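Peer 1: A structural model of the following input is requested.
(one chain, ligands or ions: 1)
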Amino acid sequence: MNWTGKTVYITGGSSGIGMETARQLLDRGARVALFARGEKNLAAVAEAFRQRPESPEVFYEVMDVSSWKSVEAAVKKTAQSFGPPDVVLNSAGVGKVGYFETISSENFDKVMAINVSGTRNVAEATLPYLKKKKGTLALVSSSAGFIPVFGYSAYGTSKFAVYALAEILRYEMKRFDVTVCLFCPSEVETPMLEAERLVIPKETRALKDFAGVISVDRAVLSLIQGIEKGTYMIIPGFRTKILYWLRRVVPGPIYRGIADVTAMLGASRK
Ligand SMILES: NC(=O)c1ccc[n+]([C@@H]2O[C@H](COP(=O)([O-])OP(=O)(O)OC[C@H]3O[C@@H](n4cnc5c(N)ncnc54)[C@H](OP(=O)(O)O)[C@@H]3O)[C@@H](O)[C@H]2O)c1
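Peer 2: Numbers count the residues shown, from 1 in each chain. Got it, this is the predicted structure:
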């Protein structure tokens with residue numbers, strides 16, 4: 001795929017994976033529209049990008065992905081003012097880690113509203129444009145969307161749902177020549193991960209250590225290369241690829257036994 005002149009919509013574009021994707025795609029000559037809830041951060045990120053020597057085309061619009069009305073209005077306005085998208089990346093998402101007993105019904109619902117309904121809302125609002133352009137819809141799940149992780153009763157449930165939604169959209173969008181990609185990283189160095197480190201249970205830490213951490217620029221490079229090739233399942237990092245494969249070939253009882261022992265050893269860590 002040649003990115004020059006391509007219009008890319010990025011939700012969660014003011015931070016972490018979304019912001020880094022915008023940076024790397026601007027390097028490749030794309031035009032980017034950024035979306036998030038916080039206008040101040042969005043404006044600051046857009047302004048910093050516009051200061052680049054090549055004066056790239058950068059647009060931003062406030063959007064709360066959990067609200068259909070907000071997504072519909074922001075996408076409509078952006079399509080009219082900046083142009084319809086060739087590629088959409090839904091990177092907006094929130095984390096939540098902790099023992100099940102500590103995650104209230106309100107917090108559970110919030111994670112589901114942003115991560116699951118948010119993905120659905122962005123898909124509904126942008127697919128009419130992607131169908132016309134035979135474009136690409138890239139969704140973001142996680143390795144926690146194919147491996148159950150201790151402490152992720154809200155986050156993991158939401159990312160398994162995104163995984164399922166992406167699988168279904170992949171089939172359905174073939175009729176329109178729209179490519180659907182699903183990005184499933186393990187830990188990526190972003191503000192979300194920094195916040196999680198402050199509260200992560202020891203059991204979760206022990207399980208997540210299997211996959212390791214990768215830098216945001218490396219994760220995003222693999223996302224972009226995956227989109228360029230039209231790869232459906234984009235998994236950055238060798239260790240996460242191994243985990244994906246192991247989860248499929250190791251029988252459930254053995255896999256669960258290993259996970260239980262790892263969590264138990266994690267709990268006994270000082
Ligand atoms: N970092 C990791 O280790 C990791 C691993 C696997 C998967 N992921 C996934 O990757 C995606 C990006 O994560 P990140 O690490 O880049 O997180 P991040 O640095 O915290 O960035 C999240 C972005 O999403 C936006 N956002 C949050 N809620 C939103 C909402 N309701 N509507 C619109 N925008 C919203 C945030 O801006 P506002 O708060 O201003 O709205 C921000 O721009 C998430 O889906 C996450 O689950 C991350």
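Peer 1: CA atoms for contacts and neighbours, from now on please.
Peer 2: Will do.
Peer 1: ok, which stretches of this structure are strands?
Peer 2: Using DSSP state E, the strands of the chain run over 7-11, 31-36, 58-62, 87-90, 136-140, 179-183, 187-188, 213-214, 233-234.
Peer 1: Flag every residue of this protein that's near the ligand.
Peer 2: 11-18, 36-38, 63-66, 91-95, 114, 140-142, 185-193 (C-alpha under 6 Å from any ligand atom).
Peer 1: check contacts around Phe100.
Peer 2: Shown in contact with Phe100 (C-alpha atoms under 8 Å, 6 or more residues apart in numbering): 151-153.
Peer 1: Please report how far it lies from Ala113.
Peer 2: For Phe100, the distance to Ala113 equals 18 Å [C-alpha to C-alpha, to the nearest Å].
Peer 1: Same check on Pro185?
Peer 2: Taking C-alpha to C-alpha as the measure, Pro185 falls 21 Å from Ala113.
Peer 1: same thing with Thr262?
Peer 2: According to C-alpha to C-alpha, Thr262 stands 31 Å off from Ala113.
Peer 1: what's the answer for Val32, then?
Peer 2: Distance, Val32 to Ala113, using C-alpha to C-alpha: 25 Å.
Peer 1: Report the contact partners of Leu127.
Peer 2: By C-alpha under 8 Å, 6+ apart, the contact list for Leu127 reads Leu137.
Peer 1: Model confidence at it, what's the number?
Peer 2: Leu127 is assigned 98 on the pLDDT scale.
Peer 1: For Val162, give me its contacts.
Peer 2: Residues in contact with Val162 (C-alpha under 8 Å, 6+ apart) are 115-116, 119, 139-141, 145.
Peer 1: I'd like those as a markdown table, with pLDDT, neighbour count and distance to Gly257 appended.
Peer 2: Shown next, in a markdown table, are those (pLDDT from 0 to 100; neighbours: other C-alpha atoms under 10 Å; distance: C-alpha to C-alpha, whole Å):
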| residue | pLDDT | neighbour count | distance to Gly257 |
| --- | --- | --- | --- |
| Asn115 | 98 | 28 | 29 |
| Val116 | 98 | 25 | 29 |
| Thr119 | 98 | 27 | 33 |
| Leu139 | 98 | 25 | 31 |
| Val140 | 98 | 24 | 28 |
| Ser141 | 98 | 29 | 25 |
| Gly145 | 97 | 23 | 19 |
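Peer 1: Report the two of those separated the most.
Peer 2: The most widely separated members of the contacts of Val162, counting by C-alpha to C-alpha, are Thr119 and Gly145 (13.8 Å).
Peer 1: How many neighbouring residues does Val94 have?
Peer 2: Val94 has 15 neighbours, counted by other C-alpha atoms under 10 Å.
Peer 1: Likewise for Arg31?
Peer 2: Arg31 has 23 neighbours, counted by other C-alpha under 10 Å.
Peer 1: Return the set of buried residues in stretch 171-190.
Peer 2: 173, 177-189 (16 or more other C-alpha atoms under 10 Å).
Peer 1: same thing with stretch 60-77?
Peer 2: Buried, per 16+ other C-alpha under 10 Å, within stretch 60-77: 60-66, 68, 70-72, 74-76.
Peer 1: Any chance of a markdown table for those residues, columns pLDDT?
Peer 2: As requested, those are exported to a markdown table (pLDDT from 0 to 100):
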| residue | pLDDT |
| --- | --- |
| Tyr60 | 98 |
| Glu61 | 98 |
| Val62 | 98 |
| Met63 | 98 |
| Asp64 | 98 |
| Val65 | 98 |
| Ser66 | 98 |
| Trp68 | 98 |
| Ser70 | 98 |
| Val71 | 98 |
| Glu72 | 98 |
| Ala74 | 98 |
| Val75 | 98 |
| Lys76 | 98 |
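Peer 1: Among the residues you listed, which one lies nearest to Gly135?
Peer 2: Gly135 has its nearest neighbour among those in Val75, at 15.4 Å by C-alpha to C-alpha.
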